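[1] Here's a sequence, model it:
(one chain, ligands or ions: 1)
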Amino acid sequence: MKKDEKTGNVSDKKKKHHVFKHKKKKRAEEDSAIQYLQSQYSTINPEEIKTFKDLPLSQKTLKGLKDNNYITPTDIQRQAISYALQGKDILGAAKTGSGKTLAFLVPILELLFCKKWTRLDGVGALVISPTRELAYQIYETLRKVGHLHDFSAGLIIGGQNLKFERKRMDQINILICTPGRLLQHMDENPLFDCSQLQILVLDEADRCLDMGFQTTMNAIIENLPPKRQTLLFSATQTKSVKDLARLSLSFPTYVAPHEQANTVTPESLQQSYIVCEIDEKLGILWSFIRNHLKQKVLVFMATCKQVKYTYDLFCKLRPGVSLLALYGTLHQEKREKIYEEFCRKSNVVLFATDLASRGLDFPRVNWVLQFDCPENVDTYIHRAGRTARGVFGKGEGLLMLLPHEEKIVDDLTKSKIPIKKISVDPSKLQSPQRKIESLLSDNTELKQTAQRAFVSYVKSIFLMKNKEIFNIQLLDTDAYARSLGLINPPRIKFMHKFNKSSTASNGTESKTTDIIEKLEAKSVENEESDRTDSEKEDELKPISKAKIKKELPKFNFHDDNVDSDEESFLQVKKKNVDVDIPTPQTEETTTSKKKTKPLTKAAVAKKILKKKIKVNTTVKFTEDGEAIDDDKKDVKSELAKQFVNENVGGIDIEKAKEVLREEDKYDKQRFREKVKAKHKEQKRKLKNKKKEEEEGEKDEFGSSSESDGPDLSWLPDPDKVYDRNNEQQPESDEHAEGDDDDDDGGDDDDDHDNDDDDVDVGDDSELSDSEQKYHRPTKRKLVESKGIPQESINPRKIKKIEDVSASLSVQEAEALAMQLLKSK
Ligand SMILES: Nc1ncnc2c1ncn2[C@@H]1O[C@H](COP(=O)(O)OP(=O)(O)OP(=O)(O)O)[C@@H](O)[C@H]1O
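    Prediction:
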């Protein structure tokens with residue numbers, strides 16, 4: 001046995017030694033491999049790279065790439081990976097779908113591999129993406145390609161379990177995240193540490209660095225170590241020196257393999273546009289879907305509410321193909337599900353906002369239809385780029401424009417986007433208008449969704465920067481509302497505000513006001529017919545179209561109801577909207593400007609002071625809404641009265657102390673008076689009680705002498721007796737003096753003795769059992785409290801005494817009494 005143990009130990013030791021040796025050998029191999037790879041970096045010539053193998057990459061990365069069928073690097077990959085391995089900062093710009101994700105993931109894996117990064121080293125690489133879906137996609141690609149490496153990767157995006165993420169933060173080596181969530185961890189999570197960060201990547205860098213993420217990104221960058229490698233990628237790369245300076249990039253290598261190409265969009269992408277009236281758009285979309293039932297279609301719309309409405313409506317109309325909708329206000333879980341479903345399915349239509357426009361690599365999308373005009377050329381490129389992706393990808397893009405939006409085509413062509421005008425074959429058009437109207441008349445919820453869609457679209461147009469293309473005055477809102485199935489166009493509250501302010505600024509009755517007045521008059525007429533919708537009346541009152549050709553005055557517009565998208569795409573992004581019209585200096589404009597300022601405590605205090613609101617006061621109201629005077633709050637001292645009258649906000653501590661001291665005197669006096677009054681009341685009550693008792697004594701003696709019948713109220717409570725003696729002797733366990741506790745002592749004889757005296761019981765014998773059980777004496781009168789025991793009041797004895805005393809003189813009676821006392 002011992003021998004076995006010994007041999008066992010020996011073999012264990014041998015094994016350990018073997019493992020140790022193997023590990024040591026492996027480490028040595030790895031070290032020499034790293035050294036070799038690093039020595040090759042300086043000699044890389046991107047032009048000579050044909051396959052990934054030609055790059056000095058680790059075996060783990062090469063195998064990971066090969067396992068996923070990535071053999072030949074794309075142009076951007078060849079160049080970006082080469083320069084990144086050499087440790088350069090990179091500004092990468094390449095067409096959509098050209099493989100930028102691998103262009104930054106491979107350098108990340110290689111850098112950490114060469115630095116022999118372990119789990120204990122913390123966050124070594126940070127990839128920031130503007131949307132959750134894109135972050136998820138990058139994370140998945142990293143998992144696939146880097147599966148042979150030992151690094152840990154983490155996906156940190158909004159809408160996930162923050163606690164779960166927090167705990168694991170210190171074990172992550174490669175962090176893929178969205179800006180908001182990353183900053184949240186930086187601010188709140190003590191486990192988050194990026195002081196060792198080696199490489200920072202911004203995917204869709206221009207979007208990450210634009211107005212929408214400005215403050216968040218600035219805060220993030222401040223928290224990062226300045227000594228690091230930085231890679232920026234996008235199909236529409238920023239070259240803004242300001243942006244680059246923010247990231248401490250002074251001399252980044254600009255990698256743009258397609259810069260000299262004839263087009264900025266993929267060659268295999270067929271692009272066309274149609275021009276139509278606003279009220280034809282929905283019908284054209286419907287017809288398009290009905291004519292492409294066997295295709296995968298992605299439809300971009302301007303706002304979440306439009307997406308929601310179109311999706312809800314088309315689901316009800318049943319086009320004969322799967323429909324999906326993806327927008328920022330959806331719950332995260334739903335977003336993930338929809339994203340995956342669209343990736344998986346091949347005959348499907350997805351309605352989406354620009355949330356899906358950047359970076360998402362949906363496989364095999366046949367058509368991208370831009371239902372609403374894109375904000376700018378960049379947005380067009382990203383949207384259209386959801387199709388014709390990868391090396392062999394093919395696809396078609398269709399842009400729908402209103403007549404006045406056709407100007408964007410010039411911008412597109414100038415930006416090297418080959419797009420041709422086409423027209424719709426009228427024979428293929430199907431109008432669902434009647435059906436839509438009837439659906440809306442039956443379905444209030446759908447009608448409200450339509451109204452919201454209407455308002456959100458109009459707002460989105462209003463917020464657009466390029467006023468040459470997006471001119472709200474050129475929108476036929478009536479026709480647009482009708483096309484959505486709304487007989488009366490909803491009132492657009494912000495337009496009224498806007499028009500009012502512009503009128504005030506002009507000081508004269510403008511054409512605009514005339515129209516607004518006319519519209520309002522019409523809206524009153526229309527209210528009659530729109531009454532079913534009263535819940536939304538406040539926001540969505542019907543008005544007629546505002547077809548005004550006049551130039552808009554500038555209005556610093558910030559409305560709460562702006563359609564919010566992923567990370568407030570629309571709302572925040574338009575912060576820099578610069579309507580090039582003079583600003584009217586009206587009160588309303590100033591207030592609206594103020595609204596944009598952050599509300600500081602000082603500002604709130606000032607507001608309160610202005611409104612003469614008394615702070616730190618409580619007013620109670622009756623149910624009828626009348627204020628109840630709280631006399632406790634009344635001040636008595638002159639000083640306090642003065643203080644209250646003067647003081648409308650803020651606290652002068654010293655004065656307040658003085659006031660309190662003064663008031664304290666009055667409070668003490670008030671307290672003394674109260675105590676006095678209380679004592680007085682107690683005394684009075686005591687007096688009354690005594691009086692009553694004296695009167696009561698008289699009564700008791702009177703009644704006993706009259707002996708109308710025995711006072712049985714002192715008898716014990718039969719309920720209690722019954723309970724205690726278990727039905728056997730329900731009424732026999734108490735005697736006159738007995739209190740409940742004493743009886744529990746169990747002097748049975750006494751109990752039985754009193755049986756005969758319990759006349760009440762006899763009286764109650766006629767009552768039913770239950771009535772007997774619940775009989776209660778009205779009030780116990782304790783005769784013994786008068787010092788005359790019950791037994792001693794013997795009528796015979798009294799008679800005898802009376803007889804004797806009657807026969808005696810006063811002296812004799814006195815003497816007899818003395819004698820009796822003495823003998824006693
Ligand atoms: N070397 C490669 N060989 C084959 N396919 C590749 C290669 N690199 C990338 N791909 C594929 O090309 C598609 C697009 O890649 P990716 O999403 O990285 O493009 P992108 O340039 O980031 O696009 P976007 O500008 O839209 O974000 C993906 O499906 C990816 O798997």
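[2] helix or strand for S39, which one?
    helix 2-41 (DSSP states H and E).
[3] Kindly report the same for T216.
    Assigned by DSSP H and E, T216 falls in helix 214-223.
[4] Can you tell me what sits against that helix?
    128, 179-180, 182-183, 186, 194, 208-209, 246-248 (Cβ atoms under 8 Å, 6 or more residues apart in numbering). From N, CA and C alone the C-beta is placed, and that goes for glycine too.
[5] in that helix, what counts as buried?
    214, 216-217, 220-221 (16 or more other Cβ atoms under 10 Å).
[6] What of stretch 203-211?
    203-210.
[7] And for stretch 313-328?
    313-314, 317, 319, 321, 323-328.
[8] how about those in CSV, adding distance to R168 and secondary structure?
    Shown next, in CSV, are these (distance: Cβ to Cβ, whole Å; DSSP: H, G, I helix; E, B strand; the rest coil):
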residue, distance to R168, secondary structure
L313, 43, helix
F314, 41, helix
L317, 46, helix
P319, 44, coil
V321, 41, coil
L323, 37, strand
L324, 31, strand
A325, 32, strand
L326, 28, strand
Y327, 29, coil
G328, 26, coil
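[9] Turn the residues you listed into a markdown table, including distance to R434 and pLDDT.
    Putting the buried residues of stretch 313-328 into a markdown table (distance: Cβ to Cβ, whole Å; pLDDT from 0 to 100) gives the following:
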| residue | distance to R434 | pLDDT |
| --- | --- | --- |
| L313 | 13 | 97 |
| F314 | 15 | 97 |
| L317 | 11 | 96 |
| P319 | 16 | 96 |
| V321 | 21 | 97 |
| L323 | 21 | 98 |
| L324 | 26 | 98 |
| A325 | 24 | 98 |
| L326 | 29 | 97 |
| Y327 | 28 | 96 |
| G328 | 33 | 94 |
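[10] now, among those residues, which is nearest to K345?
    L324 (8.2 Å; Cβ to Cβ).
[11] right, and the closest one touches R344 too?
    No. If you go by Cβ atoms under 8 Å, L324 and R344 don't touch, sitting 10.8 Å apart.
[12] okay if I get the buried residues of helix 214-223 as CSV plus pLDDT?
    Formatted as CSV, the buried residues of helix 214-223 follow (pLDDT from 0 to 100):
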residue, pLDDT
Q214, 90
T216, 95
M217, 96
I220, 96
I221, 95
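[13] What about the closest residue to L269 other than its chain neighbours, how many residues nearby?
    Spatial nearest neighbour of L269, excluding adjacent residues (Cβ to Cβ, 6 or more residues apart in numbering): A388 at 3.7 Å. As a burial measure, A388 scores 25 neighbours (other Cβ atoms under 10 Å).
[14] quick one, what contacts A388?
    A388 neighbours (Cβ under 8 Å, 6+ apart): 97, 265-266, 268-269, 394-395.
[15] One more: V19?
    So V19 contacts nothing (Cβ under 8 Å, 6+ apart).
[16] and it, how far is that from D150?
    Per Cβ to Cβ, to the nearest Å, V19 is found 17 Å from D150.
[17] How much space separates E110 from the ligand?
    16 Å (Cβ to the nearest ligand atom, to the nearest Å).
[18] try L182
    Between L182 and the ligand the distance is 20 Å, computed by Cβ to the nearest ligand atom.
[19] Reformat the buried residues of stretch 203-211 as CSV; add secondary structure, pLDDT and distance to A384.
    Converted to CSV, the buried residues of stretch 203-211 look like this (DSSP: H, G, I helix; E, B strand; the rest coil; pLDDT from 0 to 100; distance: Cβ to Cβ, whole Å):
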residue, secondary structure, pLDDT, distance to A384
D203, strand, 97, 19
E204, coil, 96, 15
A205, helix, 95, 19
D206, helix, 94, 16
R207, helix, 95, 16
C208, helix, 96, 21
L209, coil, 93, 22
D210, coil, 91, 20
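[20] Out of those residues, which are close to the ligand?
    Among the buried residues of stretch 203-211, proximity to the ligand is found for none (Cβ under 6 Å from any ligand atom).
[21] Kindly reformat these as JSON lines containing distance to E694.
    Shown next, in JSON lines, are the buried residues of stretch 203-211 (distance: Cβ to Cβ, whole Å):
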{"residue": "D203", "distance to E694": "99"}
{"residue": "E204", "distance to E694": "98"}
{"residue": "A205", "distance to E694": "100"}
{"residue": "D206", "distance to E694": "101"}
{"residue": "R207", "distance to E694": "96"}
{"residue": "C208", "distance to E694": "95"}
{"residue": "L209", "distance to E694": "97"}
{"residue": "D210", "distance to E694": "95"}
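[22] before we move on, back to that, what kind of secondary structure is the residue nearest to L269 in?
    On the three-state scheme (DSSP: H, G, I helix; E, B strand; the rest coil), A388 is labelled coil.
[23] again, but for K294
    Classified using three-state DSSP, K294 is coil.
[24] tally of neighbours for it?
    K294 - counted by other Cβ under 10 Å - has 8 other residues nearby.
[25] Could you measure from S129 over to Y139?
    In terms of Cβ to Cβ, S129 sits 9 Å off from Y139.
[26] overlap in contacts of those two?
    Joint contacts of S129 and Y139 (Cβ under 8 Å, 6+ apart) are I176.
[27] Now do the strands in the stretch 251-400 of the chain.
    Ranges of strands within the stretch 251-400 of the chain are 253-255, 269-275, 296-300, 322-326, 348-352, 367-370, 395-401, based on DSSP state E, counting those that start in this stretch.
[28] Briefly note if the second one comes near the ligand.
    Put plainly, it is strand 269-275. No. Using Cβ under 6 Å from any ligand atom, strand 269-275 stays clear of the ligand, coming no nearer than 11.6 Å.
[29] Excluding chain neighbours, give the residue nearest to I156 in space.
    Using Cβ to Cβ, 6+ apart, the closest residue to I156 is C177 (3.9 Å).
[30] what's around that neighbour, how many residues?
    If you count neighbours by other Cβ under 10 Å, C177 ends up with 26.
[31] Same question for the one 4 residues further on.
    Neighbour count for R181, taken as other Cβ under 10 Å: 20.
[32] before we move on, what about Q433?
    For Q433, using other Cβ under 10 Å, the count is 17.
[33] how much space is there between it and D312?
    For Q433, the distance to D312 - Cβ to Cβ - is 17 Å.
[34] what do you get for F300?
    From F300 to D312 the distance is 18 Å (Cβ to Cβ).
[35] which of these two has more neighbours?
    F300 (27 against 20).
[36] ok so, going back, quickly name whichever of the buried residues of stretch 313-328 is closest to the ligand.
    L326 (15.9 Å; Cβ to the nearest ligand atom).
[37] For the closest one, list each beta-bridge partner.
    With DSSP bridges as the criterion, L326 is bridged to A352.
[38] ok, it touching L360?
    No. In this structure L326 lies outside contact range of L360 using Cβ under 8 Å: 9.2 Å.
[39] Now for the two: what residues contact both?
    Y339.
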